[in-house]
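*Asks:* Need coordinates for the following:
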Amino acid sequence: MTGKVVHFEVPADNVERARKFYQSTFNWTISPMPEMEYTMVATGPGNEDGSPKEPGYIGGGIAKRGPTVGQPVITIHVDDIDAALAKIQKNGGSTVSPKAPIGPMGFVAYFKDSEGNTMGLWQLAPEA
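*Replies:* Numbers count the residues shown, from 1 in each chain. Prediction:
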């Protein structure tokens, strides 16, 4: 089902400090991905593929603060990022960054809503 919040991103000026903070404070599982300059975060128990094992929580990531992720970002699942970006534009939002692949998993894009908040979109890759 689309429209669900499926991910969050926390910007950090000092990524290592942020990793330590969230792991020590909330016992989040931290998985650095140096090849992507990103840190995956599990906020609860996960399956082998990294997806949540229990309903009721979402995972996320920690990213170096920058022009796209300058504030916390909520990411929403959609079936078609390009169609969602067109609808966002029609309803008073704007594209921050267009659809981009994330390995074999899927695609991501960022947009600003009608209030100027940066949000994310996630589209699963088609199954082979």
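
*Asks:* Which helix in this structure has the most residues?
*Replies:* helix 15-26 (DSSP state H).

*Asks:* then that helix to PDB, C-alphas only?
*Replies:* C-alpha atoms of helix 15-26 as PDB (Å, rounded to 0.1, in the frame of the first residue of the first chain):
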ATOM      1  CA  VAL A  15      27.900  11.800  11.600                       C
ATOM      2  CA  GLU A  16      30.000   9.700  14.000                       C
ATOM      3  CA  ARG A  17      28.800  11.800  17.000                       C
ATOM      4  CA  ALA A  18      25.100  11.300  15.800                       C
ATOM      5  CA  ARG A  19      25.700   7.600  15.500                       C
ATOM      6  CA  LYS A  20      26.900   7.300  19.000                       C
ATOM      7  CA  PHE A  21      24.100   9.600  20.400                       C
ATOM      8  CA  TYR A  22      21.300   7.600  18.900                       C
ATOM      9  CA  GLN A  23      22.800   4.200  19.600                       C
ATOM     10  CA  SER A  24      23.600   5.100  23.300                       C
ATOM     11  CA  THR A  25      20.400   7.000  23.900                       C
ATOM     12  CA  PHE A  26      17.800   4.800  22.200                       C
END
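
*Asks:* ok, then the element right after that helix?
*Replies:* strand 29-33 (DSSP states H and E).

*Asks:* from the chain's centre, how far out does that following strand sit?
*Replies:* For strand 29-33, the separation from the chain centroid amounts to 14 Å (computed by Cα atoms, centre = their mean, to the nearest Å).

*Asks:* Kindly report the same for stretch 78-90.
*Replies:* With Cα atoms, centre = their mean as the basis, stretch 78-90 stands 17 Å off its chain's centre.

*Asks:* re the thing from before, what's the angle from the longest helix of the chain to strand 29-33?
*Replies:* If you take axes from the mean of the first three to the mean of the last three Cα atoms, to 10 degrees, helix 15-26 sits at 160 degrees to strand 29-33.

*Asks:* State the mean pLDDT of helix 15-26.
*Replies:* Rounded to a whole number, the mean pLDDT of helix 15-26 is 94.
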